[in-house]
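# Predicted model follows, preceded by the sequence.
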Amino acid sequence: MSPKDTIPVRQGEELDLDKVEQLIREHVSGLSDDPLEVEQFFLGSSNLTYQLRIGDWEAVLRRPPHGPVAPKAHDMEREFNILKEINPHFPVAPKPYFFYSNEEEGKPFFVMERKKGVVLDSNMPEEIKLSEKTNRDISEAMVDTLVQLHDIDYTKTNLKNMTKPDGFLERQVHGWISRYERSKTDDIQGVDELTRWMAHNIPETKESTIIHYDFKLNNAMFDQNDLTQLVGLFDWEMTTVGDPLADLGVAMSYWQESGDSELLKKGLGNEPITTQPGFMSRDEFIEAYAKKSGRNVTNMNFYQTFAYFKLAVICQQIYYRYKKGQTQDQRFAKLNYFVENLIEYALYSLNRKAN
């Protein structure tokens, strides 16, 4: 979320500026008399985010998308409370300022710290030049950040009362299998084998930690003058307490390599920068994580298999909506091919020897 990532607020997505400014002045002291200025971040396709400015003070407002949302999805109050618990221990997580239930409109929001830096994505600024060494250092920073997050003692936070770590992995595996069955449209070769194997090979969780569960490069922000320094980590909506290796598996499902299929690299848009020379391979990332965390990763083939399947189900749910005429967005017309490719990679991970 660098300054170039903001645009004028899109029509139909305006905020009640008087109410927002009133709430800001109630919760934040020392502000100037300048009026509230608002722009919108154009990155992201789920929750809506806005840049707020009063004089030199800046912040970010985060709220759910317009229209009906699924139960438990886009839970702004939960995300606000998660950030409130994590930020004191992990400052790359934005500091939250206040939550507003907005019962009148039914669209709650919260306001949080504005981080400054650059998001390294396939559409990053042209002036950013990456070398092989820089790419390696960025990879190391991502590993270090994940290890640091997993090292937080969640029992010293209120997350111990907000989450249910016992049985986490079992609930996840069976829950995502059920979601796939409910959104199934085409017969995909190998799915039955895959789901049976996952259901019967759930590893024992050795420990539970705070997990981000959407840990990927374009959710991270780096210092624009030192791309080895990670200064922000965003999108804490899926954060919970569970198996840290499940978090690592999800991270690896987004971490593409140059040797991956074109469909896997471009199935969600432009090819990610992790395919460029210097970035760690998935195996190197896992090995570095194991070395720095001290955790045993011999069952990573299960976690990677499940992560690819989970991503396949997310895409299948979108394709199901398109197939049923619930959306006319032509970007989703061939998403079924990407789902098949993800299932193929899940089967490949299943059959790999454990690291």
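Done, it's in.
# Beta-bridge partners for the nearest residue to residue 83 once chain neighbours are set aside, please?
Using Cβ to Cβ, 6 or more residues apart in numbering and skipping residues adjacent in sequence, the residue nearest residue 83 is residue 96, 4.3 Å away. Using the backbone N, CA and C atoms, a C-beta is placed for each residue, glycine as well. For residue 96, the beta-bridge partners are residue 112 (DSSP bridges).
# so residue 96 touches residue 109, yeah?
No - in this structure residue 96 lies outside contact range of residue 109 using Cβ atoms under 8 Å: 11.2 Å.
# can you give me the helices for the protein?
17-27, 76-86, 132-150, 159-162, 168-183, 191-200, 244-254, 262-266, 282-293, 300-323, 335-351 (DSSP state H).
# among those helices, which is the most enclosed?
Mean neighbour counts were compared across these using mean count of other Cβ atoms under 10 Å; the top stretch is helix 244-254, at a mean of 25.
# Can you show me the CA trace of that helix as CSV?
Output of helix 244-254 as CSV, limited to C-alpha atoms (Å, rounded to 0.1, in the frame of the first residue of the first chain):
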residue,chain,number,x,y,z
PRO,A,244,2.2,-23.9,12.2
LEU,A,245,3.0,-26.3,9.3
ALA,A,246,-0.4,-25.7,7.9
ASP,A,247,0.6,-22.0,7.7
LEU,A,248,3.8,-22.9,5.9
GLY,A,249,1.9,-25.2,3.5
VAL,A,250,-0.5,-22.4,2.5
ALA,A,251,2.5,-20.0,2.0
MET,A,252,4.1,-22.5,-0.3
SER,A,253,0.9,-23.0,-2.3
TYR,A,254,1.3,-19.3,-3.3
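# relative to helix 300-323, how tilted is that helix?
60 degrees (axes from the mean of the first three to the mean of the last three Cα atoms, to 10 degrees).
# Which elements pack onto helix 244-254?
helix 132-150, helix 168-183, strand 209-211, helix 282-293, helix 300-323 (3 or more Cβ pairs under 8 Å, 6 or more residues apart in numbering; DSSP states H and E).
# What lies in contact with stretch 81-89?
Under the criterion Cβ atoms under 8 Å, 6 or more residues apart in numbering, residues 93-96, 99, 112, 152, 156-159, 162, 210, 236, 239 lie in contact with stretch 81-89.
# How far away from the center of its chain is that stretch?
Put simply, stretch 81-89 sits 17 Å off its chain's centre (Cα atoms, centre = their mean, to the nearest Å).
# Could you chop this structure up by domain?
Split into domains by automatic domain parsing, the chain comes to 3-113, 132-351.
# returning to that earlier point: filter the contacts of stretch 81-89 down to the buried ones, PyMOL style.
Restricted to buried positions by 16 or more other Cβ atoms under 10 Å, the PyMOL selection for the contacts of stretch 81-89 reads:
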select buried, resi 93+94+96+99+112+152+157+159+210+236+239
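# for the contacts of stretch 81-89, which one is nearest residue 29?
Lowest distance from residue 29 to the contacts of stretch 81-89 (Cβ to Cβ) belongs to residue 95, with 14.8 Å.
# Is it correct that the closest one is in contact with residue 114?
No - Residue 95 lies out of contact with residue 114 (Cβ under 8 Å); the separation is 9.9 Å.
# To residue 37, which of the helices of the chain lies closest?
Nearest of those (Cβ to Cβ): helix 17-27, 9.2 Å.
# Who are the packing partners of the closest one?
Helices and strands touching helix 17-27, as assessed by 3+ Cβ pairs under 8 Å, 6+ apart, comprise strand 48-54, strand 96-100, strand 109-113.
# for those strands, which one sits closest to residue 256?
Counting by Cβ to Cβ, residue 256 lies closest to strand 48-54 out of the helices and strands packed on helix 17-27; the figure is 25.0 Å.
# Can you list the buried residues in the closest one?
Burial within strand 48-54, assessed by neighbour count using 16+ other Cβ under 10 Å, is assigned to 48, 49, 50, 51, 52, 53, 54.
# Between those residues, which has the least confident prediction?
Confidence by pLDDT is poorest for residue 48 among the buried residues of strand 48-54, given 87.
# Let me see the contact set for that residue.
Taking Cβ under 8 Å, 6+ apart, we find residue 48 in contact with 13, 40, 62, 63, 64, 65, 66.
# Among the residues you listed, which ones are in strands?
Among the contacts of residue 48, DSSP state E puts 40, 62, 63 in strands.
# Let me know the closest of these to residue 310.
Among those, and counting by Cβ to Cβ, the member closest to residue 310 is residue 62, at 23.6 Å.
# Out of the helices of the chain, which gets nearest to residue 123?
Of the helices of the chain, nearest to residue 123 by Cβ to Cβ is helix 262-266, at 13.2 Å.
# Centre of the chain to the closest one, how far?
Helix 262-266 sits 19 Å away from the centroid of its parent chain (Cα atoms, centre = their mean).
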